[in-house]
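prediction below, plus the sequence it came from.
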Amino acid sequence: MHHEPKDSTMAKPLTATRHFHVMRTLRQELRLKEPGAFVPTVNELKKRFNASQATISQALSTLQDEGLIRRPDGRSRLVVSEMPPKAAQRVVLVRPSWSSPDYDALQRAMVTDCTRRGWQLEVDASHSEMHELELNRAIGNRDAGILMTSMVNIPDHLMNVLRRPNRPVVTVIQVPDDPEISGVGTDNIAIGRMAIEHLMSQGHEQILTVISEPRAQSIVQRAQGARDEMLIQGQTHADDLILNCRIRHGEDSIAMTYESFCEFLISPKRPKITAVFCVAWTGALAVMKALKDVGNWRVPDDVSLVTYAGESLIIPYLNPPLTALQTNVNDYAHNVLDLIEGQLDDPTTPAKKIALPCQIVQRESVIAKSQSNHPQGI
């Protein structure tokens, strides 16, 4: 059996090497100098950083490749290039190639936060499936990476890279439950519990939880939080009030949820419901259409509805605007980049997880059960 070598014998991550520290420090300083200003000599930098000539030469070569510094014809000294100030850090967002309102909103917030810091955010969207992704190659010579994971469990080969990447990496959306991997996500158990608490505060007891996405970790946790709160509140048939639409990765989650919920609504043996909690906003779209098509039922007059909104900004523009559990997308981006910055400043920093709180934003999709057209349920 093959055994991995001990940590002490493994090569250092790039961020822990001396030349990376020298290169990063010089980049931050030289980007602020006037074009044509002299770069300190190799001997000066060797003394300053207590580093070898090879280390200094490698750092300067990297900065030349980036275009920050150059050697004019006939000159022996390197100078600062005549170009716009180089970003203090170059970070790449590695995301799936397909479009998503959630991903797009978080990406825009990251761009804004990077601009504020004087950083450059580049985007790699060259993969459509997680098993296709070569993460170290995608990050390339940037200073750090952000991995935006899809609604699927991360394959083993990618987990191994995330445990020991060449550059600092922070995962977002689906954060692996692994102590060696850094990530920023949401408190998904709390999301499910808050949704049920809110509906029960309006008198609802027969609340259906709809699982409308593949069973990734965050989706399972939201459904688990909802079930736990139902049991805490004395609902003895909590398991009967979970509809798993059994969406597989790559399927159209809205269309498949619509079909599954229609089947539920026409089933003669189904439980009566007065409210629905959708673990993802895509499910809420399908649920509202199925209610209308099967029984001409409307939200909230006949059934109240709460959804998790994710990072999407689309929820307020639906009809009706949905009461939702929401994440502050700017706080999300800020926490991700703070985590990156901490790892760049100290490459020995242990992996860290941040679970962002959500807030419930009340709009027009929930009314008291007593005000419903069907207080006993549909």
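Arrived safely. Numbering: from 1, shown residues only.

isn't residue 30 up against residue 69?
Yes - assessed by CB atoms under 8 Å, residue 30 is found in contact with residue 69 at 6.3 Å. To be clear about C-beta, it is placed using only N, CA and C from the backbone, and glycine gets the same treatment.

who has more neighbours, the two?
More neighbours surround residue 69 than the other of residue 30 and residue 69, with 23 against 20 (other CB atoms under 10 Å).

picking that back up, need the residues touching each of residue 30 and residue 69.
Counting by CB atoms under 8 Å, 6 or more residues apart in numbering, the shared contacts of residue 30 and residue 69 are 39, 63, 80.

return the member of the residues you listed nearest to residue 131.
residue 63 (35.5 Å; CB to CB).

SS state for that closest one?
Using DSSP: H, G, I helix; E, B strand; the rest coil, the structure places residue 63 in helix.

so how many other residues sit close to it?
Neighbour tally, residue 63, other CB under 10 Å: 23.

and what of the one 3 residues further on?
Other residues near residue 66 number 16, with proximity taken as other CB under 10 Å.

now it: how far from residue 341?
Distance of residue 66 to residue 341, given as CB to CB, to the nearest Å: 19 Å.

likewise residue 106?
18 Å.

neighbour count for those two, which is higher?
residue 106 (27 against 17).

okay, the closest residue to that one other than its chain neighbours: pLDDT?
Nearest residue to residue 106, sequence neighbours excluded (CB to CB, 6 or more residues apart in numbering): residue 311, at 4.6 Å. With respect to pLDDT, residue 311 scores 74.

which ones are touching residue 311?
101, 102, 103, 105, 106, 109, 327, 329, 332.

just give me the closest of the residues you listed to residue 155.
Among those, and counting by CB to CB, the member closest to residue 155 is residue 103, at 19.3 Å.

could you point out the helix or strand that follows whichever helix or strand the closest one is part of?
Taking DSSP states H and E as the definition, residue 103 sits inside helix 101-117. With elements assigned by DSSP H and E, the helix or strand that comes after helix 101-117 is strand 120-127.

list the contacts of that following strand.
So strand 120-127 is contacted by 87, 89-97, 107, 110-111, 114, 133, 138-139, 142 (CB under 8 Å, 6+ apart).

can you rerun that using 10 Å?
Outside strand 120-127, the residues that touch it by CB atoms under 10 Å, 6 or more residues apart in numbering are 86-99, 103, 107, 110-115, 132-135, 137-140, 142-143, 145-148, 150, 333, 337.

same check, this time on stretch 368-378
Counting by CB under 10 Å, 6+ apart, 199-206, 208, 265, 270-275, 291, 294-295, 297-298, 300-304, 367 sit against stretch 368-378.

distance between the ends of that stretch?
15 Å (CA to CA, to the nearest Å).

tell me the domain ranges of this protein?
Domain ranges of the chain: 7-80, 90-186+329-356, 188-327+360-371, per automatic domain parsing.
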